[in-house]
Every structure is written in C-alpha cells, then in structure tokens.
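Novice: Have a look at this fold, sequence not included:
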C-alpha cells in the first residue's frame, strides 16, 4: 500500500493526485479505500490524514488532502 501511495503522489497528472482524497478514493477504488480503513484502523479516533501519515510519513498530508477553494465570479451568469 505504501508503494502505491508513493507512486500516486509522484504522478504528474493532477487527476491522479485528486483521487488520493478519501471521498474520491471511495468512488474510484473502493478496495484501496477499505484496505486503508482496515489496515490503519480509521474511525472516530483515527483520521484519514493520520492513516496516510502512518503509511507515508514524509509527505505533507494536510496540504494534499485539503480542499481546493474555487473563486466564483459574482454575477457572471446573471441576466
């Protein structure tokens, strides 16, 4: 699992990196999602960020798993 996460993180494709986020991973690869849940005991006391950090501690998981803020132009589609 560690090898796979490292390979995904090194991929230059932004779509691949977005699929690491738990809500996307659950849809794209349910087996990997549930393996991480079971292996790292994700639950009320352990977050996905902590689980990923235990598997690959040298990455900045808080930045990788943060949600992107999209700026909306006010009134762009108003008539």
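Specialist: Good, I have the coordinates. Just so it is clear, the model here is predicted, and its values are computed rather than measured. Numbering: from 1, shown residues only.
Novice: which residues in this protein form helices?
Specialist: Per DSSP state H, the chain carries helices over the ranges 2-10, 14-18, 22-28, 30-40, 48-55, 61-64.
Novice: Turn those into CSV, including mean neighbour count and mean pLDDT.
Specialist: All C-beta atoms are positioned from the backbone trio N, CA, C, and that covers glycine. Below are the helices of the chain laid out as CSV (neighbours: other C-beta atoms under 10 Å; pLDDT from 0 to 100):
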stretch, mean neighbour count, mean pLDDT
helix 2-10, 13, 82
helix 14-18, 12, 80
helix 22-28, 14, 90
helix 30-40, 14, 92
helix 48-55, 17, 89
helix 61-64, 13, 78
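Novice: which residue is nearest the centroid of the protein?
Specialist: The residue lying closest to the centre of the chain (C-alpha atoms, centre = their mean) is residue 21, at 1.8 Å.
Novice: Next, find the distance separating it from residue 52.
Specialist: Counting by C-beta to C-beta, to the nearest Å, the gap from residue 21 to residue 52 is 10 Å.
Novice: Can you pull the residues that touch both of the two?
Specialist: Residues touching both residue 21 and residue 52 by C-beta atoms under 8 Å, 6 or more residues apart in numbering: 64, 65.
Novice: For residue 44, which residues are in contact?
Specialist: Under the criterion of C-beta under 8 Å, 6+ apart, residue 44 has no neighbours.
Novice: The residue nearest to the centre of the chain contacts residue 65, doesn't it?
Specialist: Yes - with contact defined as C-beta atoms under 8 Å, residue 21 reaches residue 65; the gap is 5.8 Å.
Novice: if I look at the closest residue to residue 52 other than its chain neighbours, how far off is residue 47?
Specialist: Sequence neighbours aside, residue 61 is the residue nearest to residue 52 in space, at 4.8 Å (criterion: C-beta to C-beta, 6 or more residues apart in numbering). Distance, residue 61 to residue 47, by C-beta to C-beta: 10 Å.
Novice: same thing with residue 62?
Specialist: 10 Å.
Novice: okay, and the common contacts of these two?
Specialist: Counting by C-beta under 8 Å, 6+ apart, residue 62 and residue 47 have no common neighbour.
Novice: So residue 9 is in contact with residue 17, correct?
Specialist: Yes - if you go by C-beta under 8 Å, residue 9 and residue 17 touch, sitting 7.0 Å apart.
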